[in-house]
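**Q** here's a sequence, model it:
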Amino acid sequence: MANFLTSAWALRWIKRFVLFVLIAFVCIAGVRFYDAQRKAPLSLWHTYVPEDMHAHEIDHATWEEYIANENRLFDSVKKNVTDKLPAEERVPANRYFSGSPIYPGHFRTDWNRSYTLMPQGPPRGVAVMLHGLTDSPYSLRHIAQRYQKDGFAVVAVRLPGHGTVPSGLTEVTAEDWEAATRLA
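**A** Just a heads-up that it's a prediction; the model follows:
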């Protein structure tokens with residue numbers, strides 16, 4: 001009988017604990033939902049999703065076709081984000097504002113895009129540069145230039161979904177990144 005009472009008591013406390021955890025989760029989720037609704041609306045670069053290439057397209061593309069598609073992609077970001085920015089978002093700190101000193105179009109080379117660097121003389125080998133998941137090819141520029149100086153041909157690929165707008169990452173898969181790596 002004592003065993004039955006002990007197990008009934010334990011079961012009752014387990015149920016209470018599970019109920020407490022469930023109620024706490026619902027409360028925290030409710031507060032987060034309420035808080036998210038009070039935030040400023042998303043900006044254009046959060047909502048516009050550019051049409052990047054996917055694995056099945058990349059696997060059948062040449063490097064030139066990949067670059068041509070990338071150029072179209074950046075043109076579409078200019079058309080759908082940069083050219084449509086509301087006045088309050090046209091500030092120097094906004095990289096999507098064409099009047100900003102950090103706007104990529106002002107630089108001689110837009111290191112946010114895929115690029116190749118060739119050494120002077122015949123290449124000793126090839127170095128393929130892959131940026132991290134929160135980066136784009138600009139982060140590898142100095143390393144790529146070092147390899148180029150050491151006689152390597154360098155290919156730095158902009159992985160799909162990166163380097164354009166944050167929302168570009170919403171429709172990309174690991175398979176797309178793998179295909180871009182194979183292409184490079």
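
**Q** and the helices in this structure?
**A** In order along the chain, the chain carries the following helices (DSSP state H): 2-38, 44-47, 55-58, 63-80, 141-149, 174-183.

**Q** domain assignment for the chain?
**A** What automatic domain parsing lists as the domains of the chain is 1-39, 45-183.

**Q** any chance of those in JSON lines, plus mean neighbour count and mean pLDDT?
**A** Glycine gets a C-beta too; all of them are placed from N, C-alpha and C. Putting those into JSON lines (neighbours: other C-beta atoms under 10 Å; pLDDT from 0 to 100) gives the following:
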{"stretch": "domain 1-39", "mean neighbour count": "9", "mean pLDDT": "82"}
{"stretch": "domain 45-183", "mean neighbour count": "16", "mean pLDDT": "93"}
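
**Q** and the helices of the chain: which comes nearest residue 95?
**A** Evaluated over the helices of the chain, closeness to residue 95 peaks at helix 44-47, with 8.8 Å, by C-beta to C-beta.

**Q** ok, and what's touching that closest one?
**A** Residues from elsewhere that reach helix 44-47, judged by C-beta atoms under 8 Å, 6 or more residues apart in numbering: 80-81, 84-85, 89, 96, 165-167.

**Q** could you rerun that using 10 Å?
**A** Helix 44-47 is touched from outside by 41, 77, 80-86, 89, 94-96, 164-168, 170, with contacts defined as C-beta atoms under 10 Å, 6 or more residues apart in numbering.

**Q** I'd guessed residue 109 sits against residue 116; true?
**A** No - checked against C-beta atoms under 10 Å, the pair residue 109 and residue 116 is beyond contact range at 11.8 Å.
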